[in-house]
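> With the input below, show me the fold.
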Amino acid sequence: MLLLVPMLSQSLWWAEAGYLGLAQGLRTGHYSLDGAQLEAFRPPLFPALIAPFAANPDLARLIAVLLGAAALVVLWRAGTARFGKPAGALAAFFLAVSYPFLFFGTKILSETALLLLL
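This next block holds a predicted model:
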């Protein structure tokens, strides 16, 4: 739980602000950043997942962290089913201590959702 404290109340990266803006736009019925031109650069699944929490960036970050935790569980189960318990646990452990996973998993970016869907 203490690992989650540094992620709260961080300033937003440009991409995070883009995803939050798209999520807020989805709440009003528009998939755009300016309310007029449709967004073609980012797919709509991740903004749709965080749309109910788009008013609060900390809650949106928490959703990203929960998606990362779910990806760990899916990796562990898939590794266990395919290669046995030790391999599944080792794969989940290596992902859990991976610096890119820990760093980007606390950002409002679509990569954690992508890991879950792989």
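
> Need the residue closest to the centroid of this structure.
residue 64 (3.2 Å; CA atoms, centre = their mean).

> isn't that residue right up against residue 106?
Yes - counting by CB atoms under 8 Å, residue 64 touches residue 106, with 6.9 Å between them. Backbone N, C-alpha and C define where each C-beta goes, glycine included.

> Can you tell me the closest non-neighbouring residue to the residue nearest to the centre of the chain?
residue 112 (5.0 Å; CB to CB, 6 or more residues apart in numbering).

> Mind pulling up the pLDDT for the one you found?
For residue 112, the model assigns a pLDDT of 87.

> What of the one 4 residues further on?
Reading off the confidence values, residue 116 has pLDDT 87.

> right, and it touches residue 67 too?
Yes - taking contacts as CB under 8 Å, residue 116 lies within contact range of residue 67: 5.3 Å.

> Tell me which of the two has more neighbours.
residue 67 (21 against 17; other CB atoms under 10 Å).

> contacting residues for the more buried one?
Residues in contact with residue 67 (CB atoms under 8 Å, 6 or more residues apart in numbering) are 49, 112, 113, 115, 116.

> and residue 106, how far is that from residue 13?
Residue 106 is 11 Å from residue 13, where distance means CB to CB, to the nearest Å.

> what do you get for residue 33?
Going from residue 33 to residue 13 by CB to CB gives 15 Å.

> Residue 93 too?
Where residue 13 is concerned, residue 93 sits at a distance of 28 Å (CB to CB).

> got any ranges where this protein has weak pLDDT?
For the chain, applying pLDDT under 70 flags the ranges 1-9.

> for it, what spans make up the helices?
Assigned by DSSP state H, the chain shows helices spanning 14-28, 45-50, 57-83, 85-96, 99-104, 111-117.
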